[in-house]
Each structure stands twice: as C-alpha cells, then as structure tokens.
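# turn this into a structure:
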Amino acid sequence: MPPTHPDHSRVPAPAGSTSPERPGWPEIAVGLLATVVAIAAAALFGPWGLDLPPVAHGLALTAWSGVVGLVGFAAAAMVRIRSWGAFGVRRTTWRWMLLGLAGGVVALVVKAAVISAITALTGFDSDPQGAYYEAAGGGVLPLVLTFLFLAVLTPIGEEFLFRGVVANALLRYGPVIGVVSSSVVFALFHGINIILPAALVVGLIAAELMRRSGSVWPAVAVHAVNNAALPLLVLLTGYAGPG
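Numbers count the residues shown, from 1 in each chain. Reported below is the predicted structural model:
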C-alpha cells in the first residue's frame with residue numbers, strides 16, 4: 001500500500017474509488033448539526049425534564065455525553081460511503097497509546113493550573129459537572145457506571161466526532177488550523193463556563209496526538225485519563241463536587 005503522512009493530508013484515494021480521502025465540510029456540518037439536534041432532543045424529551053433522583057439524573061447526563069458524540073459521528077459517516085480509517089479509526093501502536101496516556105496526565109496538570117488561575121483572577125468557580133459527582137457518589141454501581149460512561153463511552157463518542165471528523169477535515173488547511181480550530185469547536189460544545197478552558201487544553205493535546213499518530217485512539221486515551229479523574233476523585237476522597 002502507498003506510504004501515508006502522519007496527518008493523512010496526502011493519502012491518495014484507493015484506485016477506482018470516487019470517495020474523498022478524508023472528511024470534509026459536509027461531514028463537519030452534518031456531524032455537528034446531528035449533535036446539536038441530539039442535545040436539544042434530550043433537553044426537550046429526555047430525562048432532564050423528569051423529576052429524577054440526583055443519582056439517576058447524573059447517570060443520564062454522563063451517558064448522554066457519550067451518546068451525542070456517537071450520534072454526530074454516525075451521521076457524519078453516513079454522508080458519503082467511506083472506510084472508518086478516513087476518520088482515523090484505525091489501529092495504532094502501544095507506543096502511541098502510552099503517549100496518549102502520558103498526554104492525558106499532562107492535560108490534567110495543565111488544565112488544573114489554568115482553572116486555578118481563572119478562578120483566582122475572576123472568582124468564577126461554578127462547575128456545570130456537579131451532577132457527575134452526584135452520580136459517582138451514589139454507591140458502588142453508580143460509581144462503576146459513571147466511570148464507564150465518562151472514561152470509556154464519552155471519550156470514544158467525542159473523539160470520533162471532534163477529532164475523527166472535525167480535526168481530520170480541518171487538517172487539510174494545515175496542522176495549526178486543524179488542531180486549534182477543532183479544539184476550539186470541541187471546547188465551545190462544552191458551554192461558556194469554567195470547563196471550556198479545560199476542554200480546550202484536552203482538545204489541543206488530543207488533536208495533536210491524533211495528527212501525529214494518524215489514529216484517533218491515542219486521543220481517546222488522553223480524553224479517558226482526564227474523564228477518569230472525576231470518579232476516581234470521588235472514590236479516593238469522597239469529594240462530592242463544588243458547593
């Protein structure tokens with residue numbers, strides 16, 4: 001098979017194929033629109049409007065955070081018939097996975113410093129993820145489910161969408177635009193709150209590892225390490241979140 005560039009910017013399409021070599025603007029538009037629709041549908045018709053106990057409510061939120069990413073990715077993948085490899089869903093090496101885990105630790109340290117600085121400067125410390133702490137603190141089964149939803153389902157769903165679709169599509173304009181722009185989009189989907197700068201840090205590291213490795217899985221590792229920190233914090237310290 002022909003040689004590949006790490007960011008796949010010059011990977012030729014297979015002989016006789018009319019499919020583009022990477023996602024493009026149609027996939028970005030459809031994927032992000034489907035994600036917005038999934039979020040809106042959950043807000044209008046999902047468990048958000050029900051009078052659920054705090055633990056059940058938190059579990060619903062943690063599960064849906066991963067589902068919406070998969071919905072967006074599935075919609076984008078159906079725009080044009082292609083191999084999942086065009087989205088970076090391809091095998092990688094243990095070396096790259098270890099680098100992904102290390103990148104996740106770096107992201108944890110950097111985002112903690114950034115959030116601390118913002119909080120010290122502005123006094124703004126409202127955490128929209130309080131429901132996640134309530135879910136993780138609801139007992140053994142809710143803690144396990146929170147871990148699976150946050151550290152497995154959500155990283156896969158969001159990385160497939162924001163790195164596999166958005167970053168891969170934007171890398172045609174160069175590594176800086178591809179990595180930074182996709183990370184900004186990823187952060188904005190977390191809302192205008194204290195989580196936004198943290199998501200930006202995670203997005204930058206995840207996108208760069210995806211670009212260099214050519215696979216989305218190291219980015220999933222970065223994301224998983226960061227999301228696993230929340231249920232592990234609850235497990236080890238009993239911390240129930242801010243407030």
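
# would you mind checking the average pLDDT for stretch 134-141?
Average pLDDT, stretch 134-141: 90.

# what do you get for stretch 154-167?
Rounded mean pLDDT across stretch 154-167 is 98.

# so how far is it off the chain centroid?
5 Å (CA atoms, centre = their mean, to the nearest Å).

# just the CA trace of it, in CSV.
Provided in CSV are the C-alpha atoms of stretch 154-167 (Å, rounded to 0.1, in the frame of the first residue of the first chain):
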residue,chain,number,x,y,z
THR,A,154,-17.7,9.7,26.3
PRO,A,155,-14.1,9.7,25.1
ILE,A,156,-15.0,7.3,22.2
GLY,A,157,-18.0,9.3,21.2
GLU,A,158,-16.5,12.8,21.4
GLU,A,159,-13.1,11.8,20.0
PHE,A,160,-14.7,10.1,17.0
LEU,A,161,-16.7,13.2,16.3
PHE,A,162,-14.3,16.1,17.2
ARG,A,163,-11.0,14.5,16.2
GLY,A,164,-12.1,11.9,13.8
VAL,A,165,-14.4,14.1,11.8
VAL,A,166,-13.7,17.8,12.6
ALA,A,167,-10.0,17.7,13.2
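
# residues making contact with that stretch?
Outside stretch 154-167, the residues within contact range by CB atoms under 8 Å, 6 or more residues apart in numbering are 23, 27-28, 31-32, 35, 62, 65-70, 72-73, 76, 87-89, 178-179, 181-183, 185-186, 189, 203, 206-207, 210-211, 216, 219-221, 223-224, 227. Any C-beta I mention is one placed from the backbone N, CA and C, and that applies to glycine too.

# scan the chain for its longest helix.
helix 94-122 (DSSP state H).

# before we move on, back to that, give me the subset of the contacts of stretch 154-167 lying in helices.
Using DSSP H, those in helices are 27-28, 31-32, 35, 62, 65-70, 72-73, 76, 178-179, 181-183, 185-186, 203, 206-207, 210-211, 219-221, 223-224, 227.

# in the chain, what helix or strand scores lowest on average pLDDT?
helix 130-136 (a mean of 86; mean pLDDT, DSSP states H and E).

# from the contact counts, what lies against it?
Packing contacts for helix 130-136, counted by 3 or more CB pairs under 8 Å, 6 or more residues apart in numbering; DSSP states H and E, involve helix 54-77, helix 140-148, helix 217-237.

# okay, those in TSV with mean neighbour count and distance to Y173 next?
Converted to TSV, the helices and strands packed on helix 130-136 look like this (neighbours: other CB atoms under 10 Å; distance: least, CB to CB, whole Å):
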stretch	mean neighbour count	distance to Y173
helix 54-77	21	18
helix 140-148	17	36
helix 217-237	22	19
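
# for I115, see how far away S126 is.
Separation of S126 from I115 (CB to CB, to the nearest Å) stands at 12 Å.

# quick check: neighbours shared by the two?
With CB under 8 Å, 6+ apart, S126 and I115 have common neighbours I194.

# now G178: closest residue in space that isn't a chain neighbour?
L171 (3.4 Å; CB to CB, 6 or more residues apart in numbering).

# and the one you found, how many neighbours?
Number of residues near L171 (other CB atoms under 10 Å) recorded here: 26.

# wait, it touches R211, no?
Yes: using CB atoms under 8 Å, L171 is in contact with R211, at 6.2 Å.

# okay but S65 is in contact with F149, surely?
Yes: counting by CB under 8 Å, S65 touches F149, with 7.3 Å between them.

# how near is the residue positioned nearest the centre of the chain to A136?
For the chain, the residue nearest the mean C-alpha position is E158 (3.2 Å; CA atoms, centre = their mean). E158 sits 19 Å away from A136, going by CB to CB.
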